[in-house]
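Novice: take this sequence and fold it.
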Amino acid sequence: PPSLFAMATTSSCTDSPASPRSAQVSRAKAKDSESSSAPPRAFLVPVEVRPAPQYGQDQKGVFATGRISKGSKVWEWTDLVSKVHHESLEALLAEMSRAEAACYLRQAFVLPDDSEHLCVNPCDAGRFVNHSASPNIDFHGAVRDILPDEEIVMDYGFHGNPGWYQELCAKYGILTESQVAHSVAQD
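Specialist: Residues are numbered from 1 along each chain as shown. Coordinates of the predicted model:
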């Protein structure tokens with residue numbers, strides 16, 4: 001992946017996100033880490049996860065807590081994100097409640113250059129970065145200066161959108177990232 005996703009080999013949230021129980025444990029650990037004063041792990045700039053009610057009840061977003069300069073690397077790919085082959089997903093999702101499966105899919109993504117895997121991040125705060133047709137970050141980092149209290153947003157239109165992912169998301173009543181980007185563009 002591009003430079004925004006520089007591989008790192010640190011560990012916390014050591015439970016595998018491949019099982020529903022460990023995903024729940026990972027989410028609990030992530031919630032604990034999000035409440036600390038340090039930026040959530042994987043973010044390289046001062047940010048915090050907080051409520052974003054404009055997206056619906058109980059929705060969250062990532063917000064800058066300090067100035068972020070254009071060109072700054074914002075996030076790095078860590079072991080908090082794992083790849084699940086699409087052929088394993090049906091069985092995995094069947095172990096979850098419908099709401100948990102929908103959340104699992106909604107907070108995951110498909111890379112544009114790897115249509116075989118779903119990238120899942122149940123304990124990486126990056127899962128709370130929302131879509132915008134006017135993004136302030138991309139794969140490489142901040143595309144413009146970002147002010148304190150501004151939400152960190154990206155354009156989901158670059159994400160992969162393979163047929164298997166579209167079918168799974170439809171089954172659980174959610175949109176893929178590409179579909180979200182397209183629906184926002186239509187508004």
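
Novice: ok, which stretches of this protein are helices?
Specialist: With DSSP state H, the ranges of helices along the chain come out as 20-34, 86-94, 98-106, 163-171, 177-186.

Novice: sketch out the low-pLDDT regions of this structure for me.
Specialist: For the chain, the stretches with pLDDT under 70 are 1-39, 185-187.

Novice: how about 90 then?
Specialist: 1-42, 55-59, 77-80, 121-126, 139, 156-158, 177-178, 180-187 (pLDDT under 90).

Novice: quick one: the most centrally placed residue in it from residue 163, how far?
Specialist: For the chain, the residue nearest the mean C-alpha position is residue 127 (2.3 Å; C-alpha atoms, centre = their mean). The spacing between residue 127 and residue 163, counted by C-beta to C-beta, to the nearest Å, is 23 Å. C-beta here means a position set from N, CA and C on the backbone, and glycine is covered the same way.

Novice: now residue 46
Specialist: Taking C-beta to C-beta, one finds residue 46 at 39 Å from residue 163.

Novice: then residue 50?
Specialist: Residue 50 is 35 Å from residue 163, where distance means C-beta to C-beta.

Novice: on that earlier part again, so who does the closest residue in space to the residue nearest to the centre of the chain that isn't next to it in sequence touch?
Specialist: Spatially, and ignoring its direct neighbours in sequence, residue 127 is nearest to residue 107 (3.9 Å; C-beta to C-beta, 6 or more residues apart in numbering). Residue 107 is in contact with 120, 121, 122, 127, 128, counting by C-beta atoms under 8 Å, 6 or more residues apart in numbering.

Novice: surely the second one and residue 106 touch.
Specialist: Read it as residue 121. No: the pair residue 121 / residue 106 is not scored as a contact, 11.4 Å apart, by C-beta atoms under 8 Å.

Novice: those two: which has the busier surroundings?
Specialist: Neighbours were counted for residue 121 and for residue 106 using other C-beta atoms under 10 Å; residue 121 has more, 22 against 17.
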